[in-house]
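Asker: Quick one, structure for this:
(chains A and B)
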Amino acid sequence: MALLDIEGLTVRFRTLRGEVHAVNGVTLSVDEGETVALVGESGSGKSVTALAVLGLLAPTATIAAGSIRSAGRELVGLPGAKMREVRGRAISMVFQDPMTSLNPLMTIGAQIREVLDAHTDLRGRAAKQRVVELIEQVGIPDAERRSFQYPHQFSGGMRQRAMIAVAIACKPRLLIADEPTTALDVTMQAQILGLLASLIAEYRMGLLLITHDLGVVAGTCETTNVMYGGRIVETGTTREIFRSPTHPYTRGLLGSIPTMGGERKVKLTAIDGQPPVLRSTPQGCTFEARCANRIERCVVEVPSLDPVGDDTGSMVHAAACFNPWPSARDGGVA
Amino acid sequence: MTAPVPAPSVESSGRRSDVLLRLRRNRGAMVGAAIIGLIVLAAIFAPLIVPETPSKTAYLSRLDGRCCPGSSAAHWFGLDELGRDVFSRVVFGARVSLLVAVVSVAIGLAFGVALGAAAGYFGGAVDSAIMRFIDIMLAFPSFLFAIGLVALLGPGLWQIMIAIGVSNVPIFARLLRGSMLGVRQTPYVASARVLGLPARRVLLVHMLPNAISPVIVAATLAMATAIIETAGLGFLGLGTADPARPEWGVMLANTTRYLQTAPHLAFFPGIAIVITVLGFNLLGDGLREAIDPKLS
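Answerer: Down below sits the predicted model:
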């Protein structure tokens, strides 16, 4: 049974100018010990998907359709008190900005402690010991002394480590990391990703990594979901997607990354235009307006997520496109 | 995993102590604190300081038909129209003023913080309902509001404290609500929710302490206003009538008829008000600068 099973998730926001369709029929799953990426630009619906999982959508948002199951348990429509038991215990989350994700008025130790208080029976000396243990585990030296310090006494990377310690305090089955390395410098990014990988291995957690950075994905995730305009437009093993991206958007994303030691003459390609604001139910493909491969059908019909090439339904690689780039499997040029 | 980077060693125990440190470096705030400290001491030890009880009248023996004798060795601030020792009355007056300042601000804080926190935490309809109520209260000038309340409740020390306290409620409530709305959007509050902490804890431990600073500053400044308003109410004849409990505003009001011949009667209680208010204002401003380092 998957740790997280999202099926056909559809989230809508009420706004002054009508409904916004932030997430449209997103389906993805995370298994034990698996690292799954959800990639997309700002506004593609990645974070909304994560918040929906935790039942923390803004009051203006509604889950119009779909189901979210955590180890078989349906989370959509779960009452507040039950949902609170899930949060922090079964599913936990790490945020983007380590500088502001910790309460500035509480010591790091106290912030780990209160999560233990909320979800476990650990009290007193045992709780204290677990706090120090956790701080050590995320690679913060001098754990005991550091547990009495405040966030402003930690550097950015150390704060992100502390944040991770808070998030994993109750050994959650699933960790959602929303852009966990975006606010950090590159050397720190590698360290934090390494830390996450080692924790996943140790706790047999699942990790849903939300990012816009394909570089981060390449090194850490087994499975990649590319999101655009509230839909998953391409999904598959990270290897497959990087080797032969077939959706024009995925190709665009990969084409916009500079490579070291690549040919100098290869130009970085930008994707023209703006991501859509999903006001009304889109008639055609959401990427249609910016797509170089557009055909007539794209304007009137929404493409479904279909297996690519000779992949028959195993979903090793699937894309939602009527006119995809040829896959390497078809013998096409990637 | 790569080897952990050694942490920079920072030896300081938190933001609260940083605030205290900055406060101690602020000369104005320290002067203010010293003034308030002296006045508090004077109020506490008033019976030991003054030469005679403030209600002792001796107009036949002392005044001798003249109103009113000024400073002398026996009566430093002179005597009032009933022959009472003005120095004793000014010192005892500090008790009333400080009591009103503290109690009325406490009343204002109790209700203002509750309303502001509820509005800022729940938002939506709760927020709208509370804030419209606050807007109505704010539509009245606060002193006018206090006068109305005292007129309604009748004169007396408690009535004054309640009136001034209630007139502070909308100010504290609105300030806290605004600051709570800001705190509500912070990642650490989102993070507290994500971690499944109980709502009570999110509100009391994560939101309120981070939102309360501007209210603390306002409360300090409100103590100064409370003293002025007490004096104002006293001057308007809505003060404490109890002769054993001299109050600076009432003392000022009683002297208007003798202003030509005995200005010292107005001068000493007036100066007492000015110095006390100055003390609270200096401390409040210093506190504001200490809490928000961008200001200094």
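
Asker: got the residues of the stretch 151-300 of chain A near chain B?
Answerer: Selection of the stretch 151-300 of chain A residues close to chain B by Cβ under 8 Å from any Cβ of the partner chain yields A:152-155, A:157-158, A:163, A:166-167, A:190-191, A:194-195, A:198. In this view, the C-beta of every residue, glycine as well, is placed from N, C-alpha and C.

Asker: scratch that, the stretch 1-150 of chain A
Answerer: The stretch 1-150 of chain A comes close to chain B at residues A:54, A:56, A:59, A:84-89, A:92-93, A:95-97, A:100-107, A:114-115, A:118-119, A:139-142, A:146, A:149-150, as judged by Cβ under 8 Å from any Cβ.

Asker: Any quick ChimeraX command for the buried ones out of the residues you listed?
Answerer: Of the residues of the stretch 1-150 of chain A next to chain B, the buried ones can be selected in ChimeraX as follows, counting by 16 or more other Cβ atoms under 10 Å in any protein chain shown:
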select /A:54,84,86,87,88,89,92,93,95,96,97,100,101,102,103,105,106,107,114,115,118,119,139,140,146,149,150
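
Asker: Helices along chain B, start to end?
Answerer: With DSSP state H, the ranges of helices along chain B come out as B:15-25, B:27-44, B:46-49, B:86-122, B:124-139, B:142-153, B:157-184, B:187-194, B:199-201, B:208-211, B:213-235, B:248-255, B:264-291.

Asker: Out of these, which gets nearest to residue A:173?
Answerer: Closest to residue A:173 of the helices of chain B is helix B:187-194 (Cβ to Cβ; 14.9 Å).

Asker: distance between that closest one and the chain's centre?
Answerer: How far helix B:187-194 lies from its chain's middle: 35 Å, per Cα atoms, centre = their mean, to the nearest Å.

Asker: What's the mean pLDDT across that helix?
Answerer: Averaged across helix B:187-194, the pLDDT comes to 91.

Asker: Just the angle for that helix relative to helix B:157-184, thanks.
Answerer: Relative orientation of helix B:187-194 and helix B:157-184, computed by axes from the mean of the first three to the mean of the last three Cα atoms, to 10 degrees: 90 degrees.

Asker: can you state the direction angle for helix B:187-194 and helix B:86-122?
Answerer: Going by the same axes, to 10 degrees, helix B:187-194 makes 60 degrees with helix B:86-122.

Asker: So which elements touch helix B:187-194?
Answerer: strand A:91-94 (3 or more Cβ pairs under 8 Å, 6 or more residues apart in numbering or on different chains; DSSP states H and E).

Asker: hmm, who's touching the strand it packs on?
Answerer: Strand A:91-94 is contacted from outside by A:4, A:50, A:53-54, A:70, A:101, A:160, A:163-164, A:167-168, A:170, A:172-178, A:180, B:191, B:194-195, using Cβ atoms under 8 Å, 6 or more residues apart in numbering or on different chains.

Asker: How many residues are close by residue 241?
Answerer: No chain in the question, so chain A it is. Other residues near residue A:241 come to 29 when the count uses other Cβ atoms under 10 Å in any protein chain shown.

Asker: switch to chain B, that's the one I care about
Answerer: 13.

Asker: and it, how far is that from chain A?
Answerer: Taking Cβ to the nearest Cβ, to the nearest Å as the criterion, residue B:241 is separated from chain A by 46 Å.

Asker: Local confidence estimate at the spatially closest residue to that residue that is not a sequence neighbour?
Answerer: Sequence neighbours aside, residue B:155 is the residue nearest to residue B:241 in space, at 6.1 Å (criterion: Cβ to Cβ, 6 or more residues apart in numbering or on different chains). Looking at residue B:155, its pLDDT stands at 82.

Asker: and what of residue B:138?
Answerer: In this model, residue B:138 is scored at 90, pLDDT.

Asker: That one against residue B:172, yeah?
Answerer: No - taking contacts as Cβ atoms under 8 Å, residue B:138 lies outside contact range of residue B:172: 11.6 Å.

Asker: Looking at those two, which one has more neighbours?
Answerer: A count of neighbours by other Cβ under 10 Å puts residue B:172 above the other of residue B:138 and residue B:172, at 25 against 17.

Asker: Give me the distance between the residue nearest in space to the middle of chain B and chain A.
Answerer: Computing the C-alpha centroid of chain B and ranking residues by Cα atoms, centre = their mean puts residue B:223 first, at 1.0 Å. From residue B:223 across to chain A, the span is 24 Å (Cβ to the nearest Cβ).

Asker: hang on, the earlier thing: make TSV out of the helices of chain B and add distance to residue A:202.
Answerer: Formatted as TSV, the helices of chain B follow (distance: least, Cβ to Cβ, whole Å):
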stretch	distance to residue A:202
helix B:15-25	34
helix B:27-44	51
helix B:46-49	68
helix B:86-122	38
helix B:124-139	43
helix B:142-153	61
helix B:157-184	35
helix B:187-194	22
helix B:199-201	29
helix B:208-211	34
helix B:213-235	41
helix B:248-255	70
helix B:264-291	42
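
Asker: picking that back up, what residues are up against the closest residue to the residue nearest to the centre of chain B other than its chain neighbours?
Answerer: Leaving aside its sequence neighbours, residue B:223 sits nearest to residue B:101 (Cβ to Cβ, 6+ apart; 4.0 Å). If a contact means Cβ under 8 Å, 6+ apart, then residue B:101 has B:223, B:224, B:226, B:227, B:230, B:280 as its contacts.

Asker: can you do 6 Å?
Answerer: B:223, B:226, B:227 (Cβ atoms under 6 Å, 6 or more residues apart in numbering or on different chains).

Asker: Is the most centrally placed residue in chain A bridged to anything, and to what?
Answerer: Central residue of chain A (Cα atoms, centre = their mean): residue A:210, 2.2 Å from the mean position. Taking DSSP bridges as the rule, residue A:210 bridges to residue A:38, residue A:178.

Asker: So which of the contacts of strand A:91-94 are in strands?
Answerer: Here DSSP state E is the test, and those give A:4, A:70, A:174, A:175, A:176, A:177, A:178 as lying in strands.

Asker: Of those, which is the nearest to residue A:236?
Answerer: Proximity of the ones in strands among the contacts of strand A:91-94 to residue A:236 was ranked by Cβ to Cβ; the top entry is residue A:4 with 17.9 Å.

Asker: surely that closest one meets residue A:175?
Answerer: No - counting by Cβ atoms under 6 Å, residue A:175 is not a contact partner of residue A:4; they are 10.4 Å apart.

Asker: Now residue A:235: closest residue in space that isn't a chain neighbour?
Answerer: Leaving aside its chain neighbours, residue A:235 sits nearest to residue A:225 (4.7 Å; criterion: Cβ to Cβ, 6+ apart).

Asker: Can you classify that neighbour by secondary structure?
Answerer: Three-state assignment for residue A:225 (DSSP: H, G, I helix; E, B strand; the rest coil): strand.

Asker: Can you spell out which helices and strands pack onto whichever strand or helix holds residue A:117?
Answerer: Using DSSP states H and E, residue A:117 sits in helix A:108-119. Here helix A:108-119 touches helix A:124-137, helix A:156-167, going by 3 or more Cβ pairs under 6 Å, 6 or more residues apart in numbering or on different chains; DSSP states H and E.
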